[in-house]
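Q: quick check, what structure comes out for this input:
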Amino acid sequence: MRAIHDTVRTAIFATLISLLGACGGGGSNDSSTGSGSSSATTPAGGVQLQVVSFGDSLSDVGTYAPIASAVGGGRFTTNPGQVWTQDVAQYYGDTLTAAYTIDINQKLTAQSGFGYAEGGATVATAADLNDFLTDVIGDIEMPVNQQVTSYLNTHGSFNAGQLVLVWAGANDVLRAGALPAAASTVQSAASTLAQIVAQIVTNGATHVVVVNLPNIGLSPTGLAASDGGANLTQLSQLFNDDLNTALQTVGVQGKVIQIDAYTWLTQIIANYQTNGFSVSNTAIACDPNKTPKQTALLCSPATYVTANADQTYMFADELHPTTHLHTLFAQYVEQQIAASGLGR
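A: Take a look at the predicted model:
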């Protein structure tokens, strides 16, 4: 394991040197222009939309890619696969790229994309407890409230030609600790997220998707806990109940499209073989003995447990979905958006 980590560190710092020679920046990220696309073809979703995304690693399209790509990584999944937000963007004729990427000074550098979600982000608390590559990446993740503020400072408002995706709260739950003490932290995060959603709506967004938390207790991390995931399950439920109530309280529940990831993932796990998986939530696709830092961010085909693990496993690492699971979730979200009357 030490040899692997020494190798990845060498590769990463070589990339840093390369970035320095190129004057920093994220380089390869294309602009996400959405409704400004020159394509005259009607997208699969039936309507052309520019996608804007806020959240954490479940939606991160490449904040850390300039460094993680040195070892074949870049997103928190089975790389080079996409995450659900990218799949949804393509469905509506858009290409979603990172709004910020890490630079050589362990700082976030603004790019031209609309993917504001960043791995490690909480709803509103400052970056901390980042447990991967802290010596290279540092604690730089931008919480969701700052992501939205950053968007508004740059673009001024949202518009009817956009689809805004919001999925956050998992890191707040993971960092909250055990009940009953953890309850106030989780409830505060849910309430704050609802306020952020209201801010998005108030500033002109007419198509807003809000995803609740999946049952984190069913993740490999949850199953490995001493209580078998019971605490994380309860905290996930608490967050979702409070988020639902808070969305009603701030008056936006009828103005957003709510996605029930909790029920969806529970059903997918219960019927994993029917959904094309050969391994459920009991194992991971990225071999921990080969994957640097045992994180999906640095997972690549060279570190898969089998050649097609990105399609046959549900989880890339202890928390993050594989490419296939992201694809299925994107399809579910697209169906729910269509059911709301937008596109097909």
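Q: helix, strand or coil: sort out Thr109 for me.
A: strand (DSSP: H, G, I helix; E, B strand; the rest coil).
Q: and it, what are its bridge partners?
A: Thr101 (DSSP bridges).
Q: adjust the sequence numbering to begin at 54 for everything that follows.
A: Okay, using 54 as the starting number, the last item reads as Thr162.
Q: following element in sequence after the helix or strand of the chain with the lowest mean pLDDT, please.
A: With mean pLDDT, DSSP states H and E as the measure, the helix or strand of the chain carrying the lowest mean pLDDT is helix 55-74 (a mean of 44). Sequence order places strand 103-108 as the next helix or strand after helix 55-74, per DSSP states H and E.
Q: other SSEs contacting that following strand?
A: helix 137-144, helix 197-208, strand 215-220 (3 or more Cβ pairs under 8 Å, 6 or more residues apart in numbering; DSSP states H and E). (C-beta placed from N, C-alpha, C; glycine too.)
Q: pull the contacting residues for Thr302.
A: By Cβ atoms under 8 Å, 6 or more residues apart in numbering, the residues touching Thr302 are Ala247.
Q: how close does it sit to Ala314?
A: 21 Å (Cβ to Cβ, to the nearest Å).
Q: likewise Arg397?
A: Arg397 is 22 Å from Ala314, by Cβ to Cβ.
Q: for the two, indicate the residue with more neighbours.
A: Neighbours were counted for Arg397 and for Ala314 using other Cβ atoms under 10 Å; Ala314 has more, 23 against 13.
Q: for the residue nearest to that one when sequence neighbours are not counted, the count of nearby residues, please.
A: In this structure, Ala314 finds its nearest non-sequential neighbour in Pro267, 4.5 Å apart by Cβ to Cβ, 6 or more residues apart in numbering. Per other Cβ under 10 Å, the neighbour tally for Pro267 reads 24.
Q: and Pro341, by the same measure?
A: Neighbour number of Pro341 under other Cβ under 10 Å is 15.
Q: residues contacting it?
A: By Cβ under 8 Å, 6+ apart, the neighbours of Pro341 are 347, 370.
Q: likewise for Gln290?
A: By Cβ under 8 Å, 6+ apart, the neighbours of Gln290 are 268, 315.
Q: for it, give its distance to Ser331.
A: Taking Cβ to Cβ, one finds Gln290 at 29 Å from Ser331.
Q: next one: Val358
A: Relative to Ser331, Val358 is positioned 11 Å away (Cβ to Cβ).
Q: and the helices in this structure?
A: Ranges of helices in the chain, per DSSP state H, are 55-74, 118-121, 137-144, 197-208, 223-229, 236-255, 273-277, 283-302, 314-323, 362-365, 376-392.
Q: packed most tightly, which of those helices would that be?
A: Most buried of these by mean neighbour count (mean count of other Cβ atoms under 10 Å) is helix 118-121; its value is a mean of 27.
Q: quick one, which of the helices and strands packed on strand 103-108 is nearest to Gly115?
A: Proximity to Gly115 (Cβ to Cβ) singles out helix 137-144 among the helices and strands packed on strand 103-108, at 9.1 Å.
Q: that closest one: how far from the chain's middle?
A: Relative to the centre of its chain, helix 137-144 is centred 12 Å away, using Cα atoms, centre = their mean, to the nearest Å.
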